[in-house]
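J.: predicted model follows, preceded by the sequence.
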Amino acid sequence: MMTLSETAAVLRTADKVVITAHVNPDGDAIGASLGLMHLLEALGKHVTVLLDDDIPAAFSVLPGYDVIRRPQEGEAEACDLLVVLDTMSDRIGCVAAAVRAPRILNIDHHHTNPGTAGEDLYLDATRAATAEIVCDLAEALGVQPDAAAAACLYTGLATDTGFFRFSNATAHTYRAAAALLEAGAQPHVISEALEVRPLQTVRDLAEALGELELFAGGRACGIFLTQEQTARMASTESFIGHIRVIDGVDVAVVLKCKEPELCRVSMRSKHVDVSRVATLFGGGGHVRAAGCTLTQPFEEARKTIMTAIERAIREGWTA
Ligand code: AMP
Ligand code: MN
Ligand code: MN
């Protein structure tokens, strides 16, 4: 584990930097990546952001959205340093193979990240978002975020904290956000851009809510989407927020079947440590927001995750 100033020193000595983050990127993965890109460019470095996924169009409001690239097959990008943000390096898809870097620096806020042998790790699980750590790094590097960096970093803070409502938002998070507003971030522009959705997504939400299932005596609620539904629905990210609010529900889960034997699970909780549930299946995350992938057919995966959540509630798995 490195200190903040050691991490800043590693960044300072690199000239050609590739930044990446986890597949299925969220506002923190994208915002922290672009925010760090802007900071390093202000220091005169050559920076490339590679993400092995499509970037949702809602994020086109972020300065730098257009320069994010998905690596091509057989690509070999040489650089001095690969920076992996908001995950450990096992969830960056083909970027791992597409980049030739003598050094890998992993910056993350997930307490479930054990670090990877041969890589440098800077982990601060007290930070609500990786973007908040990038704010700490800006200070350590002595670089003031410009309006572009501020918009990106603000987006990371806002999306990982449910727009500053979740328990991970601290006084430090609010102070970092205030500094970003002073640097030019416009919260209403970002929240309006991220809120807007196609009519069909609202209809898909109605379909999903129509099928929600309560279990564990009403203390858990799930939406379980078959492969057909998952393939048909363009965006399901917002669904979980609508069931975690149900009175009496501690754990909310959304399971999406992506392939005949591959299901993606997202969990949110009020008390139960869902990162412990996710870790059972090789996933990870935070106490109140975690995820994993089950290599099982839909019905089996549905039973597996329901059983694990029931057990976590019954046995009182809290952090
Ligand atoms: P999500 O439900 O996809 O928004 O993820 C919730 C939290 O769990 C985020 O902090 C993710 O980075 C983390 N997470 C989700 N899936 C995984 C996984 N397969 N492995 C490790 N962490 C995960
Ligand atoms: Mn993330
Ligand atoms: Mn994050």
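T.: Received it, and whenever you're ready, just let me know what you need. Residues are numbered from 1 along each chain as shown. Ligands and ions are numbered 1, 2, ... in the order given.

J.: the closest residue to residue 76 other than its chain neighbours: neighbouring residues, count only.
T.: Closest residue to residue 76 apart from its sequence neighbours, by Cβ to Cβ, 6 or more residues apart in numbering: residue 100 at 5.6 Å. Backbone N, C-alpha and C define where each C-beta goes, glycine included. The local packing of residue 100 (other Cβ atoms under 10 Å) involves 11 other residues.

J.: likewise the one 4 residues further on?
T.: The number of residues packed near residue 104 is 19, by other Cβ under 10 Å.

J.: hang on, it packs against residue 121?
T.: No. Taking contacts as Cβ atoms under 8 Å, residue 104 lies outside contact range of residue 121: 9.4 Å.

J.: coming back round to it: distance of the residue nearest to residue 76 relative to residue 16?
T.: 11 Å (Cβ to Cβ, to the nearest Å).

J.: likewise residue 226?
T.: Using Cβ to Cβ, we find residue 226 at a distance of 45 Å from residue 16.

J.: following the helix or strand hosting residue 175, which helix or strand comes up?
T.: With the criterion set as DSSP states H and E, the secondary-structure element containing residue 175 is helix 171-182. Of the helices and strands lying after helix 171-182 in sequence (DSSP H and E), the nearest is helix 187-195.

J.: what's that next one packed up against?
T.: Helix 187-195 makes packing contacts with helix 147-160 when contacts are defined by 3 or more Cβ pairs under 8 Å, 6 or more residues apart in numbering; DSSP states H and E.

J.: repeat the analysis, applying 10 Å as the threshold.
T.: Packing contacts for helix 187-195, counted by 3 or more Cβ pairs under 10 Å, 6 or more residues apart in numbering; DSSP states H and E, involve helix 27-42, helix 147-160, helix 171-182.

J.: could you pull out the buried residues of it?
T.: The neighbour-count criterion (16 or more other Cβ atoms under 10 Å) identifies 187, 190, 191, 194 as the buried residues of helix 187-195.

J.: pull the most distant pair out of those.
T.: Taking Cβ to Cβ, the two most distant members of the buried residues of helix 187-195 are 187 and 194; they sit 10.6 Å apart.

J.: related to what we said a few turns ago, quick check: neighbours shared by residue 100 and residue 16?
T.: With contacts taken as Cβ atoms under 10 Å, 6 or more residues apart in numbering, the residues that reach both residue 100 and residue 16 are 77, 78, 79.

J.: give me the contacts around stretch 159-175.
T.: Where contact means Cβ under 10 Å, 6+ apart, the residues beyond stretch 159-175 that reach it are 26-32, 59, 86, 109, 125-132, 135-136, 157-158, 176-177, 187, 190-191, 194-195, 237, 241, 244, 268, 270, 286-289.

J.: is it anywhere near ligand 2?
T.: No. Stretch 159-175 does not reach ligand 2 (Cβ under 5 Å from the ion); its nearest approach is 6.8 Å.

J.: distance between the ends of that stretch?
T.: 16 Å (Cα to Cα, to the nearest Å).

J.: quick check, residue 114 in contact with residue 284.
T.: Yes. Here residue 114 reaches residue 284: they are 9.1 Å apart, a contact under Cβ atoms under 10 Å.

J.: between these two, who's got more neighbours?
T.: residue 284 (22 against 11).

J.: show me the beta-bridge partners of that one.
T.: Beta-bridge partners for residue 284, by DSSP bridges, are residue 291.

J.: only whichever of the contacts of stretch 159-175 are buried, select them in ChimeraX.
T.: The command below creates a ChimeraX selection of those among those that count as buried (16+ other Cβ under 10 Å):
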select :26,27,28,29,30,31,32,59,86,109,127,128,129,130,131,132,135,136,157,158,176,177,187,190,191,194,237,244,268,286,287,288,289
